[in-house]
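Participant: can't give you the sequence, but here's the structure:
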């Protein structure tokens, strides 16, 4: 498995996280201030190239009931533009409560409100990536048990 990039796409900011090359660890990378779809896509495409990413994981906002919301449509539209600009696959994953969990973790780390505000989207992206990596490992473990 190569390096993965995760995005937490919000209306004002995009949180970005990256995995290590073994696909074990996820860490916050940066927060991009939104500048319009074309500029945002170009910046993310640049990050994909710089980080030598093999796959992009995008958090899909859904309601607590798992239903699509207005934000779901915006993210799907953004992803369609991003897919046209990059040569790596994009997967969508449920991002429910990732921002809430990110804020909770940052409070536990005793970060000040301003520090949390500036970094919460990147931490949320890292949580989305952690969940994805964990699910992939669980799937691989299940596959190896069935074949042995």
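Facilitator: Yep, it's here. Please read these numbers as outputs of a predicted model, since none were measured by experiment.
Participant: Show the average pLDDT along the lengthiest helix in the chain.
Facilitator: Taking DSSP state H as the criterion, the chain has its longest helix at helix 113-147. In this model, helix 113-147 has a mean pLDDT of 87.
Participant: cool, and stretch 34-45?
Facilitator: Averaged over stretch 34-45, pLDDT sits at 97.
Participant: Quick one: residues in contact with that stretch.
Facilitator: Stretch 34-45 has contacts (C-beta atoms under 8 Å, 6 or more residues apart in numbering) with 5, 7, 10-14, 16, 32, 56, 78, 81-82, 84-86. Any C-beta I mention is one placed from the backbone N, CA and C, and that applies to glycine too.
Participant: what do you get for stretch 15-32?
Facilitator: 1-8, 13-14, 40, 43-44, 47, 51, 53, 118-130, 133, 136.
Participant: List buried residues within those.
Facilitator: 3-8, 13-14, 40, 43-44, 47, 51, 53, 119-130, 133 (16 or more other C-beta atoms under 10 Å).
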